[in-house]
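> the amino acid sequence is not available; the structure is as follows:
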């Protein structure tokens, strides 16, 4: 599969990341299928995409006509049989078992040359590919949140990923208007391995009562970070951030430096998942 062969892209998962990726694909001119097993997630995703595009229109970065064309290129569906495309991006929960279940099903209904890309933040691509047919066409394509704004995309090759598949994925990211980088297949890859301590250490400071949430965020921002760790976790999703930390902790054989925080776990269990729920480390009144 080479870049000119890609005409249609399917995205599995209509959450914050999946909807953002679908928007980016449609904006680049691709016919895009956006799938979610929960039908209620689809109208929310389309509303968010429309909101993102309307913001671009108001800022004169996009015409009203282009906005409508982008929306028309997206086919939102909860029927798994619709997941037939030239390039498929999995963007669901950071759980290996759930990812494999979805990818095995999608592999069974698509030709063996269709590229299967995972947006995983931390799970090694080799671990995913080893359990799928034709592992040579499995690749990591890790976007960052919010996907329609963030430029970086990590391209990760597993042990079996062919150079052609990696190169095609790299070129696709460029066509989507992103800045791709090739990364080694290690837990957390580049960015999450480095950034994990931004969150973990902030949570340790909070656990030890050295400073409160707002003070930690304000100090980080005063030091040059665009967002403090707690505001950023709320934006990304406290549940998503916790899942990535837990995955990396397990992948690094429980190294103490990656230990998940009990405070964050309590937030997840309480349903305080950040902006998407209206409450996380901060409150977000509608």
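Looks like it came in fine. Computed from a predicted model, the values in this text were never measured in an experiment.

> residue 56 - how many residues pack around it?
Residues lying near residue 56 (other Cβ atoms under 10 Å) number 17. (Each C-beta comes from the backbone N, C-alpha and C, glycine too.)

> ditto for residue 7
Residue 7: 11 surrounding residues under other Cβ under 10 Å.

> so it touches residue 31, yeah?
Yes. Under the criterion of Cβ atoms under 8 Å, residue 7 is in contact with residue 31, at a separation of 6.7 Å.

> what does stretch 133-140 contact?
Residues outside stretch 133-140 that contact it (Cβ atoms under 8 Å, 6 or more residues apart in numbering) are 1, 103, 107-108, 112-120, 125, 128-129, 132, 154-158, 160-162, 165-166, 169, 183, 185, 189.

> now with 7 Å, please.
107, 112-118, 120, 125, 128-129, 132, 154-158, 160-162, 165-166, 169 (Cβ atoms under 7 Å, 6 or more residues apart in numbering).

> same thing with stretch 160-169?
By Cβ under 7 Å, 6+ apart, stretch 160-169 touches 1-3, 115, 117, 125, 129, 135-139, 141, 155, 157, 182.

> swap in stretch 215-234?
198-199, 202, 205-206, 213, 235, 241, 274-275, 280-282.

> if we use 10 Å, what do you get?
145, 195, 197-203, 205-206, 210-214, 235-236, 238-242, 264, 267, 272-277, 279-284 (Cβ atoms under 10 Å, 6 or more residues apart in numbering).

> chain center to it: distance?
Centroid separation for stretch 215-234 versus its chain: 21 Å, with Cα atoms, centre = their mean, to the nearest Å.

> from what I can see residue 50 touches residue 72, true?
No. Counting by Cβ atoms under 10 Å, residue 50 does not reach residue 72; the two are 11.7 Å apart.

> looking at these two, which is more packed in?
With neighbours defined as other Cβ under 10 Å, residue 50 and residue 72 compare such that residue 50 has more, 15 against 10.

> which residue packs closest to that one, ignoring adjacent ones?
Once flanking residues are discounted, residue 50 sits nearest to residue 71: 6.4 Å by Cβ to Cβ, 6 or more residues apart in numbering.

> from residue 9, how far off is the one you found?
According to Cβ to Cβ, to the nearest Å, residue 71 stands 15 Å off from residue 9.

> more crowded one of the two?
More crowded of residue 71 and residue 9, by other Cβ under 10 Å: residue 9, with 26 against 15.

> any idea how far residue 32 is from that one?
As judged by Cβ to Cβ, residue 9 and residue 32 stand 5 Å apart.
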